[in-house]
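Q: Sharing a model that was predicted from the sequence below.
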Amino acid sequence: MARTRFSSFFLLLAVAHSSSAQLTVPSQWQSELYADHELVGQIWDSSVDAFISVEEIANKSLAASYLILGEKHDNPDHHALQLAFVNLLLNNNKLMQLVFEMMNTDSQSLLDRIQQQQFDNGNDLKAYLNWDEEGWDWEFYGPLIEAGYEAEVALAAGNITNSRMSEVYGFESLPVEFDVLDESTIEQLYVDIDESHCGLLPESQFPAMVRVQQARDFSMASSMEATDSNSTVVLITGNYHARKDLGVPNYLVARDKNLSMEDIISIGFMEVQPGENNPETYLQRYGEVAAYDYIWFTPMISEQDYCASLRQ
């Protein structure tokens, strides 16, 4: 049976490629809230405090050893833009490996054997991977996995398993391999853990939750293997894990002494906030290191107040 091309899954990027180096982005937004915000569609370069063009960010990405593509998990525009970058690298024969936060390391054996499999459609691939549809919408991630599969790119599962998470949560001290962040960054992690749990998490649980966060970042970094200086490893992950001030990049640099932060590009795909027009605010800077090299602004998918629903 011939391998299916999954052509229907690539309709998100229907604009024709005029050259292999072009970053082909969707012609319209799928999210609708605040689509008229002045930042929507703009790309902010934190190193020069200025907006840059699609062509500029494409060229920067093609030169990266590691490209970390953040996201808000439920925003379809973020996934469409991620796919645009994956296709850019594929069209230029630059993509070496595609790593996913959305898969645990116990799925790696399936990914290792995926090129020996043939699938009639995307649903067959989804079933083969035992995909966690409740946690991760296949409509968002399926096209990315299919693109890697079709191009015979190495695929990797980046996240820790539930059993590993329980183990890390119960540790009495920080494992030495996680110990790469300074004290001020750990303090910021405590603040962010508290905020992400809507102030409802007992302070006594902060250290354990931060260890789990660090374990996930360490695991994703450990799954990324750039063995060819002329190719790029891509990580698909949430915006928080993509942060250069406290996320995965720190563990990449700690693991490889020949690697510098300049070899890693982190792009945060960010929903605009009503009334907030200053790009710097979205970096949530607490120190000298900017969270992202670039922020690409998109409309918002929902205004649902997650914390309000928990407090009811």
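A: Yep, it's here. Numbering: from 1, shown residues only.

Q: how near is the closest residue to Pro274 other than its chain neighbours to Val40?
A: Counting by CB to CB, 6 or more residues apart in numbering, Pro274 lies nearest to Tyr34, which is 5.8 Å off, once chain neighbours are set aside. The way it works is simple: take the backbone N, C-alpha and C, and place the C-beta from them, glycine included. From Tyr34 across to Val40, the span is 7 Å (CB to CB, to the nearest Å).

Q: Spit out the residues that contact these two alike.
A: Common neighbours of Tyr34 and Val40, counting by CB atoms under 8 Å, 6 or more residues apart in numbering, are Val272, Pro299.

Q: and stretch 173-185, C-alpha only, in CSV?
A: Only the C-alpha atoms of stretch 173-185 are listed here, as CSV (Å, rounded to 0.1, in the frame of the first residue of the first chain):
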residue,chain,number,x,y,z
SER,A,173,15.3,17.8,47.1
LEU,A,174,16.1,19.1,43.6
PRO,A,175,17.9,16.5,41.4
VAL,A,176,21.2,17.8,40.3
GLU,A,177,20.3,17.7,36.6
PHE,A,178,17.5,20.2,37.2
ASP,A,179,19.7,22.6,39.0
VAL,A,180,20.4,25.1,36.2
LEU,A,181,18.4,28.2,37.2
ASP,A,182,19.5,30.9,39.6
GLU,A,183,17.6,31.8,42.8
SER,A,184,15.8,34.8,41.3
THR,A,185,14.5,32.6,38.5
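
Q: Please spell out which residues along it are buried.
A: Neighbour counts over stretch 173-185 (16 or more other CB atoms under 10 Å) mark Phe178, Val180, Leu181, Thr185 as buried.

Q: got it, and stretch 24-44?
A: Quick answer for stretch 24-44 (16+ other CB under 10 Å): Thr24, Val25, Pro26, Trp29, Ser31, Tyr34, His37, Leu39, Val40, Gly41, Ile43, Trp44.

Q: For that stretch, give the mean pLDDT please.
A: Averaged over stretch 24-44, pLDDT sits at 96.

Q: That one: end-to-end distance?
A: Stretch 24-44 has its terminal residues 18 Å apart, counting by CA to CA, to the nearest Å.

Q: Low-confidence stretches in the chain?
A: Along the chain, the model assigns pLDDT under 70 to residues 1-20, 309-312.

Q: what's the single longest strand in it?
A: Using DSSP state E, we find that the single longest strand of the chain is strand 95-104.

Q: mind listing what that one pairs with, with the direction of each?
A: Here strand 95-104 has these sheet partners by DSSP bridges: strand 154-159 (parallel), strand 232-236 (parallel).

Q: tell me the most buried of these?
A: strand 232-236 (a mean of 26; mean count of other CB atoms under 10 Å).

Q: how far is it from where the chain is centred?
A: Distance of strand 232-236 from the chain centroid (CA atoms, centre = their mean, to the nearest Å) equals 8 Å.

Q: Identify the residues contacting it?
A: 61-62, 64-69, 71, 82, 85-86, 89, 94-102, 141, 144, 158, 220, 224-226, 241-242, 248.

Q: change it to 7 Å
A: Contact partners of strand 232-236, identified using CB atoms under 7 Å, 6 or more residues apart in numbering, comprise 64-69, 82, 86, 89, 94-101, 144, 158, 220, 224-226, 248.

Q: ok, now stretch 73-92?
A: With CB under 7 Å, 6+ apart, stretch 73-92 has contacts from 12-13, 17, 20-21, 23-26, 29-31, 58, 61-62, 67, 69, 71-72, 95, 98, 140, 143-144, 147, 151, 232, 234, 236, 238, 269, 271, 296, 298-299, 301.

Q: Can you name the residues that contact Gln108?
A: Gln108 sits next to Ala156, Ala157 when contact means CB under 7 Å, 6+ apart.

Q: So among the contacts of stretch 73-92, which ones count as buried?
A: Buried residues within the contacts of stretch 73-92, defined by neighbour count using 16+ other CB under 10 Å: 12-13, 23-26, 29, 31, 58, 61-62, 67, 69, 71-72, 95, 98, 140, 143-144, 147, 232, 234, 236, 238, 269, 271, 296, 298-299, 301.

Q: how much space between Lys244 and Lys94?
A: Separation of Lys244 from Lys94 (CB to CB): 21 Å.

Q: out of those two, which sits in the more crowded spot?
A: Neighbour count, other CB atoms under 10 Å: between Lys244 and Lys94, Lys244 has more, with 22 against 18.

Q: And that one, its phi and psi?
A: Lys244 adopts backbone torsions of phi -80, psi -20, taken as degrees, to the nearest 10.

Q: What of Ala80?
A: The phi/psi pair for Ala80 (degrees, to the nearest 10) is phi -70, psi -40.

Q: and it, how many neighbours?
A: Ala80: 20 surrounding residues under other CB under 10 Å.

Q: from now on call the first residue 445
A: Yep, numbering from 445; the last one is Ala524 now.

Q: can you list contacts of stretch 691-698?
A: Residues contacting stretch 691-698 (CB under 7 Å, 6+ apart): 510, 512, 624-625, 661-662, 664-665, 668, 679, 681, 684-686, 703-705, 708, 710.
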